[in-house]
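J.: mind looking at a prediction? Sequence and model below.
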Amino acid sequence: MTETVLTLKNVTKKFGSQLALDNVSLDVKKGDIYGLIGRNGSGKTTIMKIITDLSQATSGSVTLLGASKNTAQYVQSLGRIGAVIESPAAYNKLTAYQNMKVICLQRGIHDYSLIDDMLQFVNLADTGKKKFKQFSLGMKQRLGIAMALIGQPDFLILDEPINGLDPFAIIEFRELIQKINRERNTTILISSHILTELYQVSTCFGFIHNGKMVQEISKDDFDALVVDSILLNVDNAELATVILRENFEATFQVTSDHDIKITNTTLTVAEVNKVLAQNAIGINSIGKQENTLEDYYTNLVKEIEGE
Ligand SMILES: Nc1ncnc2c1ncn2[C@@H]1O[C@H](COP(=O)(O)OP(=O)(O)OP(=O)(O)O)[C@@H](O)[C@H]1O
């Protein structure tokens with residue numbers, strides 16, 4: 001059975017009368033890259049702060065690397081994790097190497113050769129005398145990760161690390177996350193509202209909305225559930241739909257006099273095209289639409305808000 005790294009059970013957090021987390025449960029398994037997805041204010045940072053002991057839950061339980069929160073063992077478990085929450089905390093006037101050295105001193109790490117290894121690992125080996133305040137956002141994020149990795153953690157927590165990065169820095173970042181997971185066997189919890197990126201990097205997802213965990217799903221299950229749809233623009237959508245229903249098993253939505261959306265299908269564009277052409281239906285356009293994590297999340301939120 002796969003080992004569980006983190007479990008939250010019915011965690012509730014109130015700030016005065018405001019309910020920031022409402023009975024949240026989640027499970028992160030060893031080896032996962034768990035993507036925590038939610039809009040601004042949905043509770044992602046609050047979850048991470050509770051895990052890292054920067055905040056206390058109002059009720060519910062948290063188990064980290066086998067230890068329950070508020071026990072001496074939990075403090076030991078915290079020593080096996082690395083975290084970058086809100087923004088990387090480093091000294092503006094220090095270089096990458098000096099900032100790393102501060103972390104080593106704080107953590108009682110005496111082997112400074114680890115610093116060079118780690119800076120190399122995050123591609124910051126040649127920043128020399130450049131001070132943290134002169135770093136680009138991408139460099140700052142990578143230094144934050146190097147600082148979090150210096151203690152060789154089993155579990156890495158990253159709060160919105162992609163925010164504000166340019167497309168090249170995002171690609172670099174994605175590769176770094178995967179490298180950490182693969183080469184260092186580090187389990188990762190990463191939050192973001194940039195869903196396309198989370199989709200590419202994560203092995204499972206947790207959707208949080210208004211402080212509630214709406215769904216947890218593995219990437220494999222998500223991929224099996226979410227199949228692409230076919231969008232059609234035809235002369236007569238109603239007639240075309242009758243013909244399509246006679247020929248194929250799928251869901252056909254007539255969205256206007258000319259537009260049809262076909263979902264729940266593994267049909268190809270060529271198959272649809274052939275049947276309509278044989279029945280003399282004029283086709284103006286036909287094409288596949290990829291259903292993304294973004295669509296899935298938006299629909300989930302719409303369903304909940306429509307409740
Ligand atoms: N210290 C606090 N005092 C009062 N309310 C708070 C506090 N911290 C967070 N909240 C509230 O709790 C809710 C969840 O906030 P949280 O920062 O966890 O969301 P988030 O999903 O991380 O959002 P973002 O993406 O904007 O960082 C929000 O409504 C926020 O205003």
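T.: Received, thanks.

J.: show me where the stretch 151-300 of the chain has strands.
T.: For the stretch 151-300 of the chain, the strands defined by DSSP state E, counting those that start in this stretch occupy 155-159, 187-192, 204-209, 212-218, 229-234, 251-254, 259-263, 283-289.

J.: got CSV for these, with mean neighbour count, distance to the ligand and mean pLDDT too?
T.: Every residue, glycine included, has its C-beta placed from N, CA and C. Below are the strands of the stretch 151-300 of the chain laid out as CSV (neighbours: other CB atoms under 10 Å; distance: least, CB to the nearest ligand atom, whole Å; pLDDT from 0 to 100):
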stretch, mean neighbour count, distance to the ligand, mean pLDDT
strand 155-159, 23, 7, 94
strand 187-192, 24, 7, 94
strand 204-209, 22, 7, 94
strand 212-218, 17, 12, 93
strand 229-234, 20, 29, 91
strand 251-254, 14, 32, 88
strand 259-263, 18, 30, 89
strand 283-289, 12, 28, 90
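
J.: TSV please, covering those strands and showing distance to Thr52.
T.: Formatted as TSV, the strands of the stretch 151-300 of the chain follow (distance: least, CB to CB, whole Å):
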stretch	distance to Thr52
strand 155-159	6
strand 187-192	10
strand 204-209	17
strand 212-218	19
strand 229-234	41
strand 251-254	44
strand 259-263	41
strand 283-289	40
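
J.: can you give me the buried ones in the lengthiest helix in the chain?
T.: For the chain, the helix that runs over the most residues, judged by DSSP state H, is helix 167-183. The neighbour-count check on helix 167-183 (16 or more other CB atoms under 10 Å) flags Ala169, Ile170, Glu172, Phe173, Arg174, Leu176, Ile177, Ile180, Asn181 as buried.

J.: same question for stretch 274-282.
T.: Residues Val275, Leu276, Ile281 are the ones in stretch 274-282 that count as buried (16+ other CB under 10 Å).

J.: take the buried residues of helix 167-183 and write them to a markdown table, including pLDDT and distance to Ile262.
T.: As requested, the buried residues of helix 167-183 are exported to a markdown table (pLDDT from 0 to 100; distance: CB to CB, whole Å):
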| residue | pLDDT | distance to Ile262 |
| --- | --- | --- |
| Ala169 | 79 | 38 |
| Ile170 | 84 | 33 |
| Glu172 | 83 | 38 |
| Phe173 | 84 | 36 |
| Arg174 | 87 | 32 |
| Leu176 | 86 | 39 |
| Ile177 | 90 | 35 |
| Ile180 | 89 | 40 |
| Asn181 | 93 | 37 |
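
J.: include distance to the ligand when you put those residues into CSV, please.
T.: As requested, the buried residues of helix 167-183 are exported to CSV (distance: CB to the nearest ligand atom, whole Å):
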residue, distance to the ligand
Ala169, 19
Ile170, 17
Glu172, 22
Phe173, 17
Arg174, 19
Leu176, 21
Ile177, 18
Ile180, 22
Asn181, 22
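
J.: now, among these, which is nearest to Val301?
T.: The shortest approach to Val301 among those belongs to Ile170, at 23.6 Å (CB to CB).

J.: the closest one against Ile162, yeah?
T.: Yes. Look at Ile170 against Ile162 with CB atoms under 8 Å: they come within range, at 5.7 Å.
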